[in-house]
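A.B. asks: Okay, structure incoming, though there's no sequence with it:
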Ligand SMILES: [Zn+2]
């Protein structure tokens, strides 16, 4: 994977910091699962630049990298299910509450405070996630506020946009500038329905609201953590991977369209050969060393990466993420002027 600093999500923190130099209320719409093309389609009036997100393309890695500017090796969250140390039990990052996920010393919130901003994270739709990862993500933020937006079941699309608007507006009454990072989970919807009309309507209406905030003199930015691609659960693929893991007594980790096996360096080539012979050729079976310049013990030595639609996912999903297709890797960094102008 190429890690091109000027174009990667790692530079998101620096870009946001530059936005803060405008010394006005700054609203960041952090929208989970939006790929570059859908942003350009729904927000034609705004300026959308392309960022390459982090691999594996999961929310846990993408959001943490965007706010800290750190690689997965630095913030130490390489996915959803992983082994924090050799031979330790697997952890699931959404449920984990121990200290193996470090709290970052600096992030966009410390940058904003240094520049004289008040900081607010609207923990929209993250509501069920209260563990260590969320503490790491929102480290140093002065105020966090839970809300449900896109995942609120009883609201129609205009009501969802209105709810986002009133919640953000409630933090704009201060004389000092406020930095608001507002999370909106469209990811779960896309998993189930794809990039459908409801989603496009929501994004379009939210873009109109962003224009209004911009005309009031506020800086508005929207960006995302990854896109999703069509995926269907293939029982044969699932059984094959499980059987090989069982036969060799290996733990599996990863998430979505990238899974990995924890094995030894001596056994690595044998596992790769066995998987390649058993799985369809569109699935990439590859050594961790071929993807990352630095070996990361939290990631298994052998990676299994989806290439087409057939892989492993919950039965009700029609879209999934985690692998390296352009629609997953290319994410928007959109601003309603004047940042960069
Ligand atoms: Zn996500």
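C.D. replies: Looks like it arrived, so ask away. Since the structure is predicted, the reported quantities are computational estimates derived from the model, not experimental observations.

A.B. asks: Am I right that residue 200 sits in a strand?
C.D. replies: No. According to DSSP: H, G, I helix; E, B strand; the rest coil, residue 200 belongs to no strand; its state is helix.

A.B. asks: Which positions in the stretch 151-300 of the chain make contact with the ion?
C.D. replies: 187, 225 (CB under 5 Å from the ion). In this view, the C-beta of every residue, glycine as well, is placed from N, C-alpha and C.

A.B. asks: List the buried residues for the worst-scoring helix or strand of the chain on mean pLDDT?
C.D. replies: One helix or strand of the chain scores below all others by mean pLDDT, DSSP states H and E: strand 143-147, with a mean of 87. Using 16 or more other CB atoms under 10 Å as the test for burial, strand 143-147 gives 144, 147.

A.B. asks: for that strand, packing partners?
C.D. replies: Applying 3 or more CB pairs under 8 Å, 6 or more residues apart in numbering; DSSP states H and E, one finds that strand 143-147 contacts strand 118-124, helix 157-169.

A.B. asks: How far away from the center of its chain is the shortest one?
C.D. replies: Between the centre of strand 118-124 and the centre of its chain there are 17 Å (CA atoms, centre = their mean, to the nearest Å).

A.B. asks: Can you name the next helix or strand after it?
C.D. replies: helix 132-137 (DSSP states H and E).

A.B. asks: and if you look at the last one?
C.D. replies: Going down the chain from helix 157-169, the next helix or strand is strand 178-185, by DSSP H and E.

A.B. asks: Give the pairing partners of that next one; include direction for each.
C.D. replies: Strand 178-185 has its sheet partners listed here by DSSP bridges as strand 26-32 (parallel), strand 118-124 (parallel).

A.B. asks: Show residues contacting the first one.
C.D. replies: Same thing as strand 26-32. 16, 19-20, 59, 63, 66, 112, 117, 125, 164, 168, 177-187, 203, 206, 210, 213, 218-225 (CB atoms under 8 Å, 6 or more residues apart in numbering).

A.B. asks: give me that answer again for 7 Å
C.D. replies: 16, 19-20, 59, 63, 168, 177, 179-187, 206, 213, 218-225 (CB atoms under 7 Å, 6 or more residues apart in numbering).

A.B. asks: quick revisit: please identify the most buried of the helices and strands packed on strand 143-147.
C.D. replies: strand 118-124 (a mean of 23; mean count of other CB atoms under 10 Å).

A.B. asks: which residues touch the closest residue to the ion within the chain?
C.D. replies: Across the chain, no residue is closer to the ion than residue 59, which sits at 3.0 Å (CB to the ion). For residue 59, the contacting residues are 32, 187, 225, by CB under 7 Å, 6+ apart.

A.B. asks: Could you double-check that the last one sits in contact with residue 64?
C.D. replies: No. Residue 225 sits out of contact with residue 64 when judged by CB atoms under 7 Å, with a separation of 9.3 Å.

A.B. asks: Domain ranges for the protein, per the record?
C.D. replies: 5-229+325-336, 232-312 (automatic domain parsing).

A.B. asks: okay if I get the ones you listed as JSON lines plus distance to residue 319?
C.D. replies: Formatted as JSON lines, the domains of the chain follow (distance: least, CB to CB, whole Å):
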{"stretch": "domain 5-229+325-336", "distance to residue 319": "4"}
{"stretch": "domain 232-312", "distance to residue 319": "10"}
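
A.B. asks: thinking again about what came up before, ranking by neighbours, what's the top pick from the contacts of residue 59?
C.D. replies: When neighbours are counted by other CB atoms under 10 Å, residue 225 leads the contacts of residue 59 with 28 neighbours.
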